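In: Output the structure for:
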Amino acid sequence: MKKWSFFSIAILTLLTLTSCEAVETIFKAGMWWGIILVVGVIAIILWLFSRGRNS
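Out: Numbers count the residues shown, from 1 in each chain. Prediction:
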């Protein structure tokens, strides 16, 4: 079921957006996920270092 909903959303997006708009949307989403992941990794590293000092 999950595959079908993703597939239908992808087809709808491809049919309603021009190719440039579709690519722009994909890259914007990718950029934000990258920023969130980098901030998360840095937070985990800082948390591990601060936890190590307290022991």
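In: Could you give the number of residues near residue 13?
Out: Residues lying near residue 13 (other C-beta atoms under 10 Å) number 13. The way it works is simple: take the backbone N, C-alpha and C, and place the C-beta from them, glycine included.
In: quick one: it and residue 6, what's the gap?
Out: 11 Å (C-beta to C-beta, to the nearest Å).
In: what do you get for residue 47?
Out: From residue 47 to residue 6 the distance is 33 Å (C-beta to C-beta).
In: Kindly list the longest helix within this protein.
Out: Taking DSSP state H as the criterion, the chain has its longest helix at helix 19-54.
In: From the contact counts, what lies against it?
Out: Using 3 or more C-beta pairs under 8 Å, 6 or more residues apart in numbering; DSSP states H and E as the contact test, the elements touching helix 19-54 are helix 2-16.
In: Now do the residue most central in space within the chain, the pLDDT please.
Out: When C-alpha atoms, centre = their mean is applied to the chain, the residue found nearest the centroid is residue 33 (2.8 Å). At residue 33, the pLDDT value in this model is 85.
In: The one 4 residues further on too?
Out: Listed pLDDT for residue 37 reads 90.
In: For it, grab the count of nearby residues.
Out: Based on other C-beta under 10 Å, the number of other residues close to residue 37 is 10.
In: same question, the one 4 residues further on
Out: If you count neighbours by other C-beta under 10 Å, residue 41 ends up with 10.
In: I'd like to know how far it sits from residue 49.
Out: The gap separating residue 41 from residue 49 is 13 Å, by C-beta to C-beta.
In: With residue 32 instead?
Out: In terms of C-beta to C-beta, residue 32 sits 26 Å off from residue 49.
In: repeat for residue 29
Out: From residue 29 over to residue 49 (counting by C-beta to C-beta), the distance is 31 Å.
In: give me the low-pLDDT residue ranges for the protein?
Out: For the chain, applying pLDDT under 70 flags the ranges 1-4, 17, 19, 22, 54-55.
In: which residues does residue 43 contact?
Out: For residue 43, no contacting residues are found, by C-beta atoms under 8 Å, 6 or more residues apart in numbering.
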